[in-house]
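J.: Take this sequence and fold it.
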Amino acid sequence: MAVWQFDLYIVDYDAPAPRQTGDGWQPPPLPLSMVYKVQEELAHYMGPPWQMLKNWLVFGPENGNRIDILFEDDVGAEISVRCDIREEAPQFLVLVSDLARFHGFKFFSPLTREFIAPNSSSSWRQSDEARLSCLTVTART
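T.: Below you'll find the predicted structure:
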């Protein structure tokens, strides 16, 4: 991951924080029934995904704003969001925030080790200072 990118994990609102492993972070898996709904909505807004590796779907370009779905087993998957701050794409952050809010998810930032609650897109502003205002830090882990 480049210095101009940051990742967020999408987790269920009542889920515990992802645990840190030797390979990075392991978020609690989301149920496949929910992941399939999210996948369908992402395909509607972002187009069909492409396959990075077996069991790993990506919505968006490899080197830009994207959403990854990693299927872990027959009952769950993890969803992560990669934000590229070189791109002025506030609509991507609004989509991700609205999607999380609609499905009762929150974000976890491995960089700051904090949960981030999605805000309403109606409060979205276009200024540089507010570019990430659709994400509000809610608690430290």
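
J.: how near is the residue nearest the centre of the chain to residue 67?
T.: For the chain, the residue nearest the mean C-alpha position is residue 81 (3.2 Å; CA atoms, centre = their mean). Residue 81 sits 5 Å away from residue 67, going by CB to CB, to the nearest Å. In short, each C-beta sits where N, CA and C put it, glycine included.

J.: try residue 31
T.: 17 Å.

J.: what does residue 91 give?
T.: In terms of CB to CB, residue 91 sits 13 Å off from residue 67.

J.: Repeat that for residue 26.
T.: From residue 26 to residue 67 the distance is 18 Å (CB to CB).

J.: the more surrounded of those two?
T.: residue 67 (24 against 13; other CB atoms under 10 Å).

J.: Who is that one paired with across the strands?
T.: residue 59, residue 81 (DSSP bridges).

J.: again, but for the one 4 residues further on
T.: For residue 71, the residues forming beta bridges with it (DSSP bridges) are residue 77.
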